[in-house]
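Trainee: return atomic coordinates for the entry below.
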Amino acid sequence: IPFFQFKPTLQNWINEINFRGREIWNGIKNSIIVSISASLLAIFLGTMAGYALARFNFQKMKNKDIAVFFLSQRILPPVVMVIPFFLIMKSLKLLDTRLALILINTVFSLPFAVLIMRSIFKELPAELEEAALVDGCSRYSAFLRVLLPLAIPGLVATGMICFAFTWNEFLFALVLTYKKAVTMPIVIAGTAHTRGVDFWYVATRSLFAIIPPTVIAIALQKFIVRGLTFGAVKG
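Mentor: Residues are numbered from 1 along each chain as shown. Okay, the predicted model is just below:
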């Protein structure tokens, strides 16, 4: 009888932790590097673009149109972009590299970062920035010293969203990597072989994949809650 007639054992965990589990450690390392790098890059670019859309009025193309343009980047399903990205990365000799995954995941995470940061900067009173400008700060200095510290909860929440999307990305990692830069979703999928699926190893590797984002989310939960509810209540 499944779930009853079996002998509990930790041998799978032992195999994954020791030398035999070097594949899973390579996958976790690649996932962490790619996810953190893509998230930081998306936050940096998204913060700059979001601030510009929240504080400046563009003439040739209205701010709402620019925001819709960023959002339209997510209309096409990722599978449509696989072949073009594959050919681009092949011509740049970036196949099976972390850099290829970082660039692609940044592109797909950027629309979310831009729109979220735009909403956050819109909720921050412009009077704070104006007061800093009157006191002698440049716009760049006012942004760094006044607005950015107030937007930290939003930055953390945006970063976690980008991190989650990148950590779970499967399609591009499957097509663009094959050995050195494989991430955890590919490692887990690779558990299947000609004899079937080793569900005990799938379960063990899945738990390993859950641990890093869970630890990060618990450590930053205060900022995440504040960031996701930023501007929800007014007055």
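
Trainee: from the chain's centre, how far out does the helix or strand hosting residue 90 sit?
Mentor: According to DSSP states H and E, residue 90 maps onto helix 78-91. With CA atoms, centre = their mean, to the nearest Å as the basis, helix 78-91 stands 20 Å off its chain's centre.

Trainee: what packs against whatever helix or strand residue 12 lives in?
Mentor: Residue 12 is part of helix 11-17 when elements are defined by DSSP H and E. When contacts are defined as 3 or more CB pairs under 8 Å, 6 or more residues apart in numbering; DSSP states H and E, helix 11-17 sits against helix 199-219. Backbone N, C-alpha and C define where each C-beta goes, glycine included.

Trainee: the helix it packs on - contacts with which helices or strands?
Mentor: helix 11-17, helix 22-55, helix 152-167, helix 184-189.

Trainee: which parts of the shortest one are buried?
Mentor: Within helix 184-189, the residues scored as buried using 16 or more other CB atoms under 10 Å are 184-188.

Trainee: got a list of contacts for it?
Mentor: 23-24, 26-28, 30-31, 167-170, 173-174, 177, 202, 205-206, 208-209 (CB atoms under 8 Å, 6 or more residues apart in numbering).

Trainee: pull out the buried members of these.
Mentor: Members of the contacts of helix 184-189 classed as buried by 16+ other CB under 10 Å are 24, 26-28, 30-31, 167, 169, 173-174, 177, 205, 208-209.
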